[in-house]
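> Fold the stuff below for me.
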Amino acid sequence: MESVGSKAKALSVFSYVAGAASIVGLFLSGIGLFSEPIHGSVYLGSQCLITLSLIGALTYVLVLRERALADAKQHAELLEVLRKQMKKLEGFGNGYEYLHKIFHELRSAFMKLSDVTKPIAERSGQADVLFTQFIHRAVDNLQKVFALTADPQCRVCVKQLRDDAKSVETICRDSGSEGQNEPEIAKIEENTDFHNIMRKIRGYERYFYCNDLLALGDLYENSTPNWDERYKSTIVWPIRGPLPNRNYDVAGFLCVDSLKTDVFDEKKSVQVGAAVADILYILLDCVAKLKKEKGEPQ
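Numbers count the residues shown, from 1 in each chain. Sure thing, here's the model as predicted:
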């Protein structure tokens with residue numbers, strides 16, 4: 001579709017060119033008054049100049065038209081992409097409010113821990129308290145996200161890798177699932193989700209996802225007694241950060257589960273949890289560095 005602005009611009013250019021041609025033609029015509037041969041040449045030259053100006057203006061109009069059509073097509077394609085992306089995000093609804101809270105509180109905690117105007121001892125003393133407060137709020141807010149987008153009764157927890165690197169310990173559960181008498185320590189080798197992520201089993205390097213754990217049969221191991229009475233679907237993300245050798249430092253796991261099957265959307269849910277797992281690592285790393293500077297055990 002041609003724009004009014006493009007046409008106006010083309011007409012403006014044509015007017016300038018035609019006007020210049022007329023002025024040049026008038027000037028040359030004045031010279032031609034003194035000589036008939038010169039007058040004929042001047043007339044022919046001015047006509048040629050006007051003709052060229054017309055051709056140039058028409059060419060410019062065509063170029064602008066093609067650009068306008070290309071722009072219109074590009075805008076239409078962009079609108080379609082945006083429409084599809086918005087369609088994908090429709091399911092989250094008010095979930096974004098709680099995601100914003102997680103990132104907002106991370107910013108506050110990180111700024112307090114990074115305040116160089118305060119001595120290391122003071123910041124290190126605040127580290128555990130701030131981290132505990134943040135992680136509990138983050139887990140509760142993430143549970144609300146999945147409650148709105150998957151299952152109102154889903155559960156969220158954070159497990160930290162122990163010093164032996166062979167087991168994990170639950171350090172935080174969402175408020176609704178605390179006190180459910182589950183083992184707080186689990187061996188990595190006895191749990192398929194942790195094992196596959198830690199051993200970088202193909203397809204599970206970034207997360208473990210399953211909407212029907214019972215359907216996996218013998219391919220799935222879980223050290224929690226009667227685990228299938230507690231949940232049947234789960235997503236597990238590594239809480240990790242990059243190392244210089246292109247590997248990752250895994251500090252723990254972020255987990256969400258549900259007693260229902262087919263409740264999690266892999267495209268939507270996985271990205272949300274991965275983002276939260278990443279910021280949990282940032283804060284864990286900050287706390288560890290503060291303790292190291294102060295000489296405390298990490």
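
> Can you give the strand pairings for the host helix or strand of C157, parallel or anti for each?
Using DSSP states H and E, C157 maps to strand 155-161. Paired with strand 155-161 in the same sheet, following DSSP bridges, are strand 167-173 (antiparallel), strand 248-258 (antiparallel).

> can you list those in CSV and add mean neighbour count, distance to Y96 and mean pLDDT?
Every C-beta, even on glycine, is put in place using the N, C-alpha and C of the backbone. As requested, the strands paired with strand 155-161 are exported to CSV (neighbours: other C-beta atoms under 10 Å; distance: least, C-beta to C-beta, whole Å; pLDDT from 0 to 100):
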stretch, mean neighbour count, distance to Y96, mean pLDDT
strand 167-173, 19, 22, 94
strand 248-258, 22, 17, 95
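
> Same list (those) but as JSON lines, adding distance to L113.
As requested, the strands paired with strand 155-161 are arranged in JSON lines below (distance: least, C-beta to C-beta, whole Å):
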{"stretch": "strand 167-173", "distance to L113": "18"}
{"stretch": "strand 248-258", "distance to L113": "16"}
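
> how about low-confidence regions in the stretch 1-150 of the chain?
1-47, 49-50, 53-54, 56-57, 60-61, 64-65, 67-94, 116-117, 120 (pLDDT under 70).

> which residues are contacting the strand holding C157?
Applying C-beta atoms under 8 Å, 6 or more residues apart in numbering, the set of residues contacting strand 155-161 from outside is 135, 139-140, 142-143, 146, 167-174, 176-177, 186, 194, 231, 239, 250-258, 280.

> Averaged pLDDT, that strand. What do you get?
Strand 155-161 comes out with an average pLDDT of 95.

> For that strand, list every residue counted as buried.
Under the neighbour-count criterion of 16 or more other C-beta atoms under 10 Å, strand 155-161 has R155, V156, C157, V158, K159, Q160, L161 buried.

> Could you report the neighbour count for Q126?
For Q126, the count of nearby residues is 18 (other C-beta atoms under 10 Å).

> Assumed it was part of a helix.
Yes - residue state for Q126 (DSSP: H, G, I helix; E, B strand; the rest coil) corresponds to a helix.

> Identify the residue spatially nearest to it, adjacent ones excluded.
K112 (6.5 Å; C-beta to C-beta, 6 or more residues apart in numbering).

> Quick one: neighbours of the one you found, just the number.
K112 has 13 neighbouring residues, counting by other C-beta under 10 Å.

> what do you get for A165?
If we define neighbours as other C-beta under 10 Å, then A165 has 10 of them.

> how far away is it from I188?
Remark: distance between A165 and I188 (C-beta to C-beta, to the nearest Å) = 8 Å.

> And C48, by the same measure?
Counting by C-beta to C-beta - C48 and I188 are separated by 86 Å.

> F194 too?
For F194 relative to I188 (C-beta to C-beta), the value is 4 Å.

> and for those two, which residues touch both?
Common neighbours of F194 and I188, using C-beta under 8 Å, 6+ apart, are V168.

> quick one: contacts for N196?
So N196 contacts Y204, F208 (C-beta under 8 Å, 6+ apart).

> Could you identify the helix or strand that succeeds the helix or strand harbouring it?
According to DSSP H and E, N196 maps onto helix 192-198. The C-terminal neighbour of helix 192-198 among helices and strands, as given by DSSP H and E, is strand 208-210.
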